[in-house]
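Participant: 3D, please:
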Amino acid sequence: MRIVELIIDEDAELYGIDAISIVDRPAIELDFIALKEQKVSFAEADTDKRILLGPALVPDKPIYRKNGEDEFYVYFSKATVRRAAELYLKHGNQANHTLEHEHSINGLTVIESWMVEDKEKDKSALYGLDVPVGTWMVAVKVDNEAIWQEWVKEGKVKGFSIEGYFADKMKKNQDEEMLSELVQQIVDLKFFEALKKELDSLED
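Facilitator: Numbering: from 1, shown residues only. The predicted structure is shown next:
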């Protein structure tokens, strides 16, 4: 089964991450921690902060994808994960969230965003999350009462899943090579046309 590296093509019309979805089955297979008042199976905290804390994107982790009959894995490099996190904030998308990638929801905001630099000293370790160096972590404040009560507290959503636009690195490289070859052919053609014109003038 083929493995595809996804990259951010900043020359494209659309690129980067538009929103973070809260989902039942996150593609990165890592759940978030819900900081809440009551002790539950996956987290506990002293106060009802209504904050979801977890990984938004993990580097070099194969993620299964199926497009019709085509099955493959995709992954993101550490550099792409970092750039995706930067662009998400730069484009002001902190309040863009969806539920199960289907419904836009209000009242959720990214209040913290950071890259894991040291597994043992990182804030994620404080909550028992085992994530690799280079992971993009986020903390999302949930002010939407219905989402918190009916989806988070009921355990219907367990993690984050990104929504955005990425390019196939191999395909982009192939496209760039084809474009480069085409440009070179045009340059060569113009050169030979100019040369022919010059020779014709000499014959006259």
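Participant: Every contact and neighbour count from this point should use C-alpha atoms.
Facilitator: Noted.
Participant: Tell me the gap between stretch 81-97 and the middle of its chain.
Facilitator: From the chain centre to the centre of stretch 81-97 is a distance of 9 Å (CA atoms, centre = their mean, to the nearest Å).
Participant: Check the secondary structure at residue 86 for me.
Facilitator: helix (DSSP: H, G, I helix; E, B strand; the rest coil).
Participant: care to break the protein down by domain?
Facilitator: 3-165, 168-204 (automatic domain parsing).
Participant: any idea which of those scores lowest on pLDDT?
Facilitator: Of all these, mean pLDDT reaches its minimum on domain 168-204 (a mean of 58).
Participant: Please identify the most buried of the domains of the chain.
Facilitator: Most buried of these by mean neighbour count (mean count of other CA atoms under 10 Å) is domain 3-165; its value is a mean of 17.
Participant: Ends of that domain, what's the gap?
Facilitator: End-to-end distance for domain 3-165, by CA to CA, to the nearest Å: 18 Å.
Participant: Bridge partners for residue 52, pull those for me.
Facilitator: Beta-bridge partners for residue 52, by DSSP bridges, are residue 34, residue 140.
Participant: Would you confirm that it contacts residue 143?
Facilitator: No: counting by CA atoms under 8 Å, residue 52 stays clear of residue 143, with 11.1 Å between them.
Participant: ranges for the strands of the protein?
Facilitator: 3-7, 16-23, 33-35, 51-57, 63-67, 70-75, 97-99, 103-105, 108-115, 136-142, 159-165, 167-168 (DSSP state E).
Participant: Could you say which one of the ones you listed comes nearest to residue 91?
Facilitator: strand 16-23 (8.5 Å; CA to CA).
Participant: name the helices or strands packed onto the closest one?
Facilitator: helix 78-90, strand 97-99, strand 159-165 (3 or more CA pairs under 8 Å, 6 or more residues apart in numbering; DSSP states H and E).
Participant: can you do 10 Å?
Facilitator: Applying 3 or more CA pairs under 10 Å, 6 or more residues apart in numbering; DSSP states H and E, one finds that strand 16-23 contacts strand 51-57, helix 78-90, strand 97-99, strand 103-105, strand 108-115, strand 159-165.
Participant: For residue 6, give its distance to residue 94.
Facilitator: For residue 6, the distance to residue 94 - CA to CA - is 22 Å.
Participant: The helices and strands packed on strand 16-23: which one's closest to residue 69?
Facilitator: strand 159-165 (21.8 Å).
Participant: so what does the closest one touch, helix or strand wise?
Facilitator: Judged by 3+ CA pairs under 10 Å, 6+ apart, the packing partners of strand 159-165 are strand 16-23, strand 51-57, strand 97-99, strand 136-142.
Participant: Mind doing that once more with 7 Å?
Facilitator: strand 16-23, strand 51-57 (3 or more CA pairs under 7 Å, 6 or more residues apart in numbering; DSSP states H and E).
Participant: I'm done for today, thanks for sticking with me.
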